[in-house]
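Undergrad: Here is my input; please provide its structure:
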Amino acid sequence: MKKSTKMIFGSLALLAAAGLMSCGGKKSAKAEDDFSEHVVITYMTTGDKPENGATEKMLQKLNAILTEKVNAELQIYYIPWTNYLTNYNLTLAQMDGSVDLVGTASDWLDAWKNSKNGAFLALSEDMLQKYAPKTWASVSPQHWDMCRYNGEIFLMPEDNYAQWINHGFMYRGDWAREAGLANGVHSWEDLTKYFSYVKGAKKNVIPWDSDGAVSTYHGEGYIQSKSDYVALDGINSYNMFGVRRGNLKKLYSPFYEGNELVEYAKLMKKWDEIGVWKKDVLNNTSDNRSEMYLGQVAVDQHHTQTWYTQVRPEMDKKQPGSDVNFFWFGEESGNVTTMTITHGAMAISAASKHPARALAVYDLLRNDPECYKLINYGLEGEQYVMSGDGCWKRPDGYTDDKNGIVTNYWWGRNDDLEIRNEEGAWDKFNEICAIYDKVKLDYPYGQIVWNVDSINAELSNISDVWANYMGRICYGKNSDPEAYVAEFRAALKQAGIEKVIAELQKQLDEFNAQK
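TA: Take a look at the predicted model:
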């Protein structure tokens, strides 16, 4: 799961420099472990801590197994979603041994930055083979190479889990047909027609009750649809820098050049005039998805996976006949990119007092069927029950608030042990995977670790410019879209974007020269 992020500078950088650099990325003194001492392994993940007691109850059973197998128990340390990236990095920078296993990602959780700064332990091949043998054997040499920084392995990838987290709009197929879109929504022009129909024909329905916090996704989504833009991971959180599929060696920013952003801004002005969202959209805090389940909105914007595992099944129950389909960003141009295998990964804190034991625990969570079911699905009979066809479903009377567990284990899921949810729209999953597989581009630069030390100030300035302008561009809150985009780009130039592009191009050239 990914939420929008912000760059971290100032006091955090100073703390990181003091707390991380001083340790120099050194290996823990306790790299060997005979498992004779019972230890507690703390797993750090992003997400809000649950309050219903169900997760703790699951952990009691899981910890009995971990104690028997590796003389350890697991506890979970949650980084709440509010200011999560700041708090995540600050927790790592403390280097106090309070966490062991760390859920991380190269594209949204600063995995390479923390590897470089010494927050993560370098994992030797011998150590991985000894303490995480099943993980070691299941990850290919090529995938281990994608987890290296300066030749050393820092990450264990989630590389055996099929998922599509590219974004798009989930829309009602029944309403699209009413709007004259017999074949559904397959372009931004179709989407505009759909919104116009809903606004005029459906009383008390807001076409899209956006909370104003998702502008990054549909702005990039339009550009991805109308061009062959491929955003590059690990530079800044707004996916502002990338390449074209037609020229993977030239770095550029479509937010700074090209005509797509201008056309997008004009369309968003039109959507604002239609009334696609509330007038106070930039300050809106509505729960659009809950409103969709009630029939009060016409779209929801999120991942492919959210569509076929959550929204489509739930709408089939709550709005029968709604036939929720998915217009994916890039559909018009056949432009979709597979994510890097380090979008979800597990690391070991360099300050961990028990790194070997942490590896052993991770190996069980990832590969042991009983441990895997507990950490991912919970207690059978309480969080799930098995159906006759080998799928799982919720027990009668289950509610997330009362019965749900929260482990946010997005760092080692394994298709060899996955169980499908009986309610998932798996026919839709198979259909869209077949479409994606025909046009997908494998992400080409998963092994680049961008060095932004010399351009941190400019990236910070660029993030400030983005925050000042993009909300009004993405929701049409300006009088002249073309002039406002020009003003935005002038501010980006003043912030130093050309220096950033030149530096990143240099690094891209160096990487390509080594291939």
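
Undergrad: So for the helix or strand hosting residue 58, what gets flagged as buried?
TA: Per DSSP states H and E, residue 58 falls inside helix 54-70. By neighbour count with 16 or more other Cβ atoms under 10 Å, helix 54-70 contains the buried residues 54, 55, 58, 59, 62, 63, 65, 66, 69, 70. (Each C-beta comes from the backbone N, C-alpha and C, glycine too.)

Undergrad: Make JSON lines out of the residues you listed and add distance to residue 126 and pLDDT.
TA: Putting those into JSON lines (distance: Cβ to Cβ, whole Å; pLDDT from 0 to 100) gives the following:
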{"residue": "54", "distance to residue 126": "39", "pLDDT": "97"}
{"residue": "55", "distance to residue 126": "34", "pLDDT": "98"}
{"residue": "58", "distance to residue 126": "33", "pLDDT": "98"}
{"residue": "59", "distance to residue 126": "31", "pLDDT": "98"}
{"residue": "62", "distance to residue 126": "28", "pLDDT": "98"}
{"residue": "63", "distance to residue 126": "28", "pLDDT": "98"}
{"residue": "65", "distance to residue 126": "26", "pLDDT": "98"}
{"residue": "66", "distance to residue 126": "23", "pLDDT": "98"}
{"residue": "69", "distance to residue 126": "21", "pLDDT": "98"}
{"residue": "70", "distance to residue 126": "18", "pLDDT": "98"}
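
Undergrad: before we move on, the earlier item: just the CA coordinates for the helix holding residue 58, please, in CSV.
TA: C-alpha atoms of helix 54-70 as CSV (Å, rounded to 0.1, in the frame of the first residue of the first chain):
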residue,chain,number,x,y,z
ALA,A,54,-7.5,-9.2,17.6
THR,A,55,-3.9,-8.8,16.3
GLU,A,56,-2.5,-9.5,19.8
LYS,A,57,-4.6,-12.7,20.0
MET,A,58,-3.2,-13.8,16.7
LEU,A,59,0.3,-13.0,17.8
GLN,A,60,-0.1,-15.3,20.8
LYS,A,61,-0.6,-18.3,18.5
LEU,A,62,2.1,-17.2,16.1
ASN,A,63,4.6,-16.6,18.9
ALA,A,64,4.1,-20.1,20.3
ILE,A,65,5.2,-21.4,16.9
LEU,A,66,8.1,-19.0,16.6
THR,A,67,9.2,-19.9,20.1
GLU,A,68,9.1,-23.6,19.3
LYS,A,69,11.0,-23.3,16.0
VAL,A,70,13.5,-20.5,16.6
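
Undergrad: in the stretch 1-150 of the chain, which spans are helices?
TA: Listed in chain order, the helices of the stretch 1-150 of the chain (DSSP state H, counting those that start in this stretch) span 11-19, 54-70, 84-94, 111-116, 125-131, 133-138, 141-145.

Undergrad: Output the contacting helices and strands for the third one.
TA: Other elements packing on helix 84-94 under the criterion 3 or more Cβ pairs under 8 Å, 6 or more residues apart in numbering; DSSP states H and E are helix 11-19, strand 39-46, strand 72-79.

Undergrad: residues in contact with stretch 134-150?
TA: Stretch 134-150 is touched from outside by 112, 115-116, 125, 128-129, 153-157, 159-160, 340-342, 345, 362-363, 366-367, 412, 414, 446-447, 449, with contacts defined as Cβ atoms under 8 Å, 6 or more residues apart in numbering.

Undergrad: Filter these down to the ones in strands?
TA: In strands, judged by DSSP state E, the following of these are found: 153, 156, 157, 345.

Undergrad: just the buried members of these?
TA: Neighbour counting with 16+ other Cβ under 10 Å marks 153, 156, 157, 345 as buried within those.

Undergrad: Kindly present those residues as a markdown table, with separate columns for pLDDT and distance to residue 266.
TA: A markdown table is the format used below for those (pLDDT from 0 to 100; distance: Cβ to Cβ, whole Å):
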| residue | pLDDT | distance to residue 266 |
| --- | --- | --- |
| 153 | 97 | 48 |
| 156 | 98 | 46 |
| 157 | 96 | 41 |
| 345 | 97 | 40 |
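
Undergrad: of all these, which comes closest to residue 207?
TA: Set against residue 207, the nearest of those by Cβ to Cβ is residue 345 (37.7 Å).

Undergrad: Now do the same contact list for the closest one.
TA: 103, 104, 105, 106, 111, 147, 155, 156, 157, 158, 411.

Undergrad: looking at it, the fifth one is touching residue 104, isn't it?
TA: What that stands for is residue 111. Yes - under the criterion of Cβ atoms under 8 Å, residue 111 makes contact with residue 104 at 4.3 Å.

Undergrad: Now distance to residue 168 too, for the ones in strands among the contacts of stretch 134-150, in TSV please.
TA: As requested, these are arranged in TSV below (distance: Cβ to Cβ, whole Å):
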residue	distance to residue 168
153	34
156	30
157	25
345	25
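
Undergrad: low-confidence ranges in the stretch 401-515 of the chain?
TA: 515 (pLDDT under 70).

Undergrad: what's the overlap in contacts for residue 111 and residue 104?
TA: Each of 120, 155, 345, 347 lies in contact with both residue 111 and residue 104 under the rule Cβ under 8 Å, 6+ apart.

Undergrad: what's the farthest-apart pair in those residues?
TA: It's 120 and 345 that sit farthest apart of these, by Cβ to Cβ, at 9.9 Å.

Undergrad: ok so, going back, who touches the helix holding residue 58?
TA: So helix 54-70 is contacted by 35, 38, 72-76, 357, 360-361, 364, 368, 370-371, 374-375, 378-379, 382-383, 402-407 (Cβ under 8 Å, 6+ apart).
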